[in-house]
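Engineer: sequence and predicted structure below; questions after.
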Amino acid sequence: MDFEMPYTEEQEKFRAEVKSWIADNVPDNMRDPIDPENFTEDMKQFWRGKHQDLATKGWLYPTFPTEYGGGGLSGDHETILQEEFRQARVPGNFTNTFVLPALLVWGTEEQKQKFLVPLLKSTVTAWQKFTEPSSGADLANYESKAVRDGDDWRLTGQSVFVSGRGKEPEYLFGPMMTDPDAPRHRNLGFFMIPVRDANGEPTEGLEIRSQNLVNGGDQHFIFLDDVRVAGDHLIGGDHQGWQVAQTSLEQEHGGRGNAFPDDVMVDHLITWMQDKENTDIEKQTAMDAYNDFRVDNILAKRTYWMYSNKMSIQYEGNVANVHNREYQCRNQIRVRDVMGPYAMLDANDPRAPHKASRKSDKGLLLACATLVEAPTSPELSLPVVSE
């Protein structure tokens, strides 16, 4: 059975337009590097400008409403854009997109103009501030507090594993406990927290510190020490933070699906297999990885199709999300089984399989290459792999 989606003549014309833009605007030295650690500040500044250009064309957030800075395009357009951008290693916007539906659903018109419009136009970026050191991602047990101070709020607490490229965004977003006496799910507010004040100075009492992890430096500690935030930065009511957060988590947990699922790790594994002699077990292992990805692809596209057609999504999103998390763990084991110690080489090592592989957007700890240095002791040394 052929699961490939056919494209119309009009859609292929749009694809040619996207390819042309990439050829004219994306130099090789600015393409998303294999290893996230090699993404430089110059690259970030370059792509901040390009993301704004894409937003002007309606290609950055193609299916969002035009009145707020989106493209107003179809899911087919988004599929083509994602396909071409990923193949050309065009990095996505630096905002955690899960905040966007929360602002669309819960924000007042004034808040949409203040936060949503600049986010969709990429003039500002935002990171998701959810996980805490003590309770993890269990938002029902959130401990970071927000205390009302006149028309403002004062925020105190800590977060860990906050994902984001670069040193800082313009905003952090997430819940804070606004009423310690209220019952669970009714004791939170949801805030847009500015990282800098109106004068461009760091927000007093707020600190962002990078975490040095095995999968890179794109995770951060967040410290809030009596940070003053204006009242209009509260999204929804002061007891509705759980509900606002769930609007973002619905998409994070698979509710939007994926227009063009891909798996660079599997692509590199299959290419690795084609370039060498393999045992029957290695062949079967690689095919298991490929088949697992194809199942994941179909599940994600089904949910995206339902989302695009405004259908009721019940179990479908969760099934796709759980399968995605589990199959990627299975495939990491398969990659290590087939590639052996080569899978652990630094992305810059010439012996890394096909110059290694980018780590997934999910922040997996291991992919075809990690940040682990190549072995140097004689008994662990690897033979040179010819290009």
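Structural biologist: Structure received.
Engineer: packing partners for the strand ranked longest in the chain?
Structural biologist: For the chain, the strand with the greatest residue count under DSSP state E is strand 216-229. Counting contacts by 3 or more C-beta pairs under 8 Å, 6 or more residues apart in numbering; DSSP states H and E, strand 216-229 packs against strand 152-163, strand 188-194, strand 206-213. The C-beta positions use only the backbone N, C-alpha and C, and glycine is treated the same way.
Engineer: so the last one versus strand 188-194, what angle?
Structural biologist: Per axes from the mean of the first three to the mean of the last three C-alpha atoms, to 10 degrees, the angle that strand 206-213 makes with strand 188-194 is 90 degrees.
Engineer: numbering from 41 from now on, please.
Structural biologist: Yes, from this point I'll number from 41; that puts the last item at strand 246-253.
Engineer: quick one: strand 246-253 to strand 256-269, angle?
Structural biologist: 160 degrees.
Engineer: what residues sit buried inside strand 246-253?
Structural biologist: For strand 246-253, burial by neighbour count (16 or more other C-beta atoms under 10 Å) applies to Leu246, Ile248.
Engineer: measure Val58 to Pro46 for me?
Structural biologist: Separation of Val58 from Pro46 (C-beta to C-beta, to the nearest Å) stands at 18 Å.
Engineer: apologies, that question was intended for Trp345.
Structural biologist: 14 Å.
Engineer: between the two, who's got more neighbours?
Structural biologist: Of the pair Trp345 and Pro46, Trp345 is the one with more neighbours under other C-beta atoms under 10 Å, namely 15 against 6.
Engineer: any idea of the mean pLDDT for stretch 92-100?
Structural biologist: Stretch 92-100 shows an average pLDDT of 96 in the prediction.
Engineer: and for it, what are the contacting residues?
Structural biologist: The contact list for stretch 92-100, computed with C-beta atoms under 8 Å, 6 or more residues apart in numbering, reads 58, 61, 65, 91, 101, 106, 109-113, 121, 133, 160-163.
Engineer: about what we covered before: please name whichever of the helices and strands packed on strand 256-269 is nearest to Gly277.
Structural biologist: strand 228-234 (7.5 Å; C-beta to C-beta).
Engineer: may I have the closest one as PDB, with CA atoms only?
Structural biologist: Presented in PDB, the C-alpha positions along strand 228-234 are these (Å, rounded to 0.1, in the frame of the first residue of the first chain):
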ATOM      1  CA  LEU A 228      -2.600  28.700  39.500                       C
ATOM      2  CA  GLY A 229      -2.200  31.700  37.200                       C
ATOM      3  CA  PHE A 230      -0.500  31.600  33.800                       C
ATOM      4  CA  PHE A 231       2.000  34.400  33.100                       C
ATOM      5  CA  MET A 232       4.000  35.900  30.300                       C
ATOM      6  CA  ILE A 233       7.300  36.900  32.100                       C
ATOM      7  CA  PRO A 234       9.500  39.600  30.400                       C
END
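Engineer: report the angle between the axes of that strand and strand 192-203?
Structural biologist: Using the same axes, to 10 degrees: strand 228-234 against strand 192-203 is 80 degrees.
Engineer: direction included, what does strand 228-234 pair up with?
Structural biologist: strand 211-217 (antiparallel), strand 274-275 (antiparallel) (DSSP bridges).
Engineer: quick one: buried ones out of the contacts of stretch 92-100?
Structural biologist: Counted by 16+ other C-beta under 10 Å, those give 58, 61, 91, 101, 109-111, 113, 121, 133, 160-162 as buried.
Engineer: how are the helices of this protein distributed by residue range?
Structural biologist: 49-65, 81-97, 115-127, 139-146, 149-151, 157-160, 281-290, 304-314, 320-348, 356-379 (DSSP state H).
Engineer: tell me what the first one is packed against?
Structural biologist: Contact partners of helix 49-65 among helices and strands, from 3+ C-beta pairs under 8 Å, 6+ apart: helix 81-97, helix 115-127.
Engineer: which residues touch the shortest one?
Structural biologist: Applying C-beta under 8 Å, 6+ apart, the contact partners of helix 115-127 are 45, 47, 51, 54-55, 58-59, 62, 99, 102-103, 111, 130, 132, 299-300, 302, 344-345, 348.
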